[in-house]
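Give the three-dimensional model of this entry:
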Amino acid sequence: MRTHIDHDNGPGSAGAPCLARNPARTTCRVAGRGAVTNPAVRFDTRITAPFDDGWDTLGQEVGAPDLETLPRLETSVIPDTTRSAISWNNSPDIGFDRAVNPYRGCEHGCIYCFARPTHAYLGYSPGLDFETKLVFKPEVAELLEKELRKPGYVPRTLALGSNTDPYQPIERTLTLTRSVLEVLDRFNHPVGVVTKSAGVLRDLDILTSMAQRNLVRVHLSITTLDPRLARVMEPRAATPARRLQAIARLAEARVPVGVLVAPMIPALNDAEMERIMQAAAAAGARHAGYILLRLPLELRQMFEDWLHTHFPDRGRHVLSLIRQSRGGELNDPRFHHRMSGQGAYADILRQRFAKAASRFGYDETDRHLDCTRFALPEAAPLEACQMSLF
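Numbering: from 1, shown residues only. Here you go, the predicted model:
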């Protein structure tokens, strides 16, 4: 089953012939979308290359076409038949070992998203496919409850939104993230939420209740305070102003809230680090973090193509600073290096963050959520009846 949901979350959803997987990296601008390419899936054994037979059929794909002439490109929503809800990791440089992601792919369309390459595991391109072909887990809440009830399960903080945003536009329709929070609330299970959507305020009732038991912390990701830059980098995410408003509402409701100044992109948004942290602190954020831009796998070339399309005046400089921070490459996947980089530029960024965190009163104490409250609630009547058969 495939359904189509068109979210009017920006200037419109337009498609282009470049949506076909194209190893030649033909670029095109698509209204309301982030990527300017749709690279081939790295696991495919066959790829398709564009060919102009003399009729100029590729003309509208080259350069910057008139957006008004491009056909609409709807968002496809595809059910996921995965029989598990929790994904586990043993990475030594992140603060959680488990996560739930109700959605794969993300309609926000952030060009810098490190999760884009994961779409290739589903047979889709990390480019425009990532933001237009969304996979959802319809039974995520039921699956999560089963896993929490397994004998020997030991609770630790679970990350919600570690890969793709749990409050992306389709959550308004499918409400899967809310169903996950309802399960965690009943089990008294701690959760950390990361989003760049003001849609998190819809679940303020659950978050407030969990906060009273020290079971939740929310972080809003803010990359820029410039709405024009935000529109280009993350076309369907909430505006920077709405994210600050969300921080204020969460803080007012006494939900522990922080800001992620992430990612910091050299010579593009890095000059805003202190201003973002100041604005977020004024809104009520008490915790902060940052990440230097990561460009794994296909994202390296995708970001370079996007950069030269939208910022041709500074593309070389941006890429040069990234390489200076990544040992001469565009990406460094090593643990304890991938998030912050190394070298002079990375050191200065690290010092700037530490100074700003101190100046604006951010709490650097690692306050753990409460895992001792975890308890199995009574099973639903039907489930109890079924279990009695065994």
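
Next, the distance between the ends of stretch 218-238.
One end of stretch 218-238 to the other measures 16 Å (C-alpha to C-alpha, to the nearest Å).

Please disregard the earlier target; I meant stretch 210-222.
The first-to-last residue distance of stretch 210-222 comes to 24 Å (C-alpha to C-alpha).

again with stretch 80-97
Across stretch 80-97, first to last residue, C-alpha to C-alpha, it's 22 Å.

how close does P266 get to R323?
For P266, the distance to R323 equals 10 Å [C-beta to C-beta, to the nearest Å]. To be clear about C-beta, it is placed using only N, CA and C from the backbone, and glycine gets the same treatment.

Pick out whichever of the two has more residues nearby.
Taking other C-beta atoms under 10 Å, P266 and R323 do not tie; P266 has more neighbours (23 against 17).

Skipping adjacent residues, who's closest to that one in space?
In this structure, P266 finds its nearest non-sequential neighbour in L321, 3.5 Å apart by C-beta to C-beta, 6 or more residues apart in numbering.

Ok, L144 next?
A85 (4.0 Å).

contacting residues around the one you found?
Applying C-beta atoms under 8 Å, 6 or more residues apart in numbering, we find A85 in contact with V100, K137, V140, A141, L143, L144, E147, V180.

number of nearby residues for the last one?
Burial measure for V180: 26 neighbouring residues, criterion other C-beta under 10 Å.

For it, which three-state class applies?
Following DSSP: H, G, I helix; E, B strand; the rest coil, the label given to V180 is helix.

If we only consider the contacts of A85, which is nearest to R314?
V100 (38.2 Å; C-beta to C-beta).

Helices of the stretch 151-300 of the chain, start to end?
Residue ranges of the helices in the stretch 151-300 of the chain, as given by DSSP state H, counting those that start in this stretch, are 171-174, 176-187, 204-211, 227-233, 240-252, 273-283, 299-310.

To T81, which of those lies closest?
helix 176-187 (14.7 Å).

tell me what the closest one is packed against?
Contact here means 3 or more C-beta pairs under 8 Å, 6 or more residues apart in numbering; DSSP states H and E; on that basis helix 176-187 packs against helix 140-148, strand 158-160, helix 204-211.

For L330, find the nearest of these.
strand 158-160 (26.3 Å).

name the helices or strands packed onto that closest one?
With contacts taken as 3+ C-beta pairs under 8 Å, 6+ apart, strand 158-160 sits against strand 98-100, helix 176-187, strand 191-195.

list the contacts for Q324?
The contact partners of Q324, taken as C-beta under 8 Å, 6+ apart, are G343, A344, Y345.

by contact count, what packs against the helix ranked longest in the chain?
The longest helix of the chain (DSSP state H) is helix 344-359. Of the remaining helices and strands, those touching helix 344-359 by 3+ C-beta pairs under 8 Å, 6+ apart are helix 273-283, strand 287-292, helix 315-325.

could I get the last one in CSV with only the CA atoms?
Right, helix 315-325. What follows is helix 315-325, C-alpha atoms only, in CSV (Å, rounded to 0.1, in the frame of the first residue of the first chain):
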residue,chain,number,x,y,z
GLY,A,315,31.4,27.0,-2.0
ARG,A,316,35.2,26.4,-2.3
HIS,A,317,35.8,28.2,1.0
VAL,A,318,33.2,26.2,2.9
LEU,A,319,34.6,22.9,1.6
SER,A,320,38.2,24.0,2.4
LEU,A,321,37.3,24.7,6.0
ILE,A,322,35.5,21.3,6.3
ARG,A,323,38.6,19.5,4.9
GLN,A,324,40.8,21.4,7.4
SER,A,325,38.6,20.0,10.2
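
And that helix, how far out from the chain middle?
Its chain's C-alpha centre lies 23 Å from the corresponding centre of helix 315-325 when counted by C-alpha atoms, centre = their mean, to the nearest Å.

Could you do the shortest one as well?
Average the C-alpha atoms of strand 287-292, do the same for its chain, and the two points are 14 Å apart (C-alpha atoms, centre = their mean).

Paired strands for it, with orientation please.
Strand 287-292 sits in its sheet next to strand 257-264 (parallel), going by DSSP bridges.

Please work out the average pLDDT along the strand it pairs with.
The average pLDDT for strand 257-264 rounds to 97.

now do stretch 327-343
Rounded mean pLDDT across stretch 327-343 is 93.

From the rest of the structure, what touches it?
With C-beta under 8 Å, 6+ apart as the criterion, stretch 327-343 contacts 91-93, 291-292, 294-296, 299-300, 303-304, 319, 322-326, 346, 349-350.

tell me how far the ends of that stretch are from each other?
From its first residue to its last, stretch 327-343 covers 8 Å (C-alpha to C-alpha).

List the buried residues for that stretch?
In terms of neighbour count (16 or more other C-beta atoms under 10 Å), stretch 327-343 has its buried residues at L330, N331, D332, H337, R338, M339, S340, G341, Q342.

Any chance of CSV for the residues you listed, columns distance to P190?
Converted to CSV, the buried residues of stretch 327-343 look like this (distance: C-beta to C-beta, whole Å):
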residue, distance to P190
L330, 36
N331, 32
D332, 31
H337, 28
R338, 25
M339, 22
S340, 26
G341, 30
Q342, 33
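
Dump the residues you listed into a markdown table; add secondary structure and distance to K133 as well.
Below are the buried residues of stretch 327-343 laid out as a markdown table (DSSP: H, G, I helix; E, B strand; the rest coil; distance: C-beta to C-beta, whole Å):
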| residue | secondary structure | distance to K133 |
| --- | --- | --- |
| L330 | coil | 26 |
| N331 | coil | 24 |
| D332 | coil | 29 |
| H337 | coil | 32 |
| R338 | coil | 27 |
| M339 | coil | 28 |
| S340 | coil | 32 |
| G341 | coil | 32 |
| Q342 | coil | 36 |
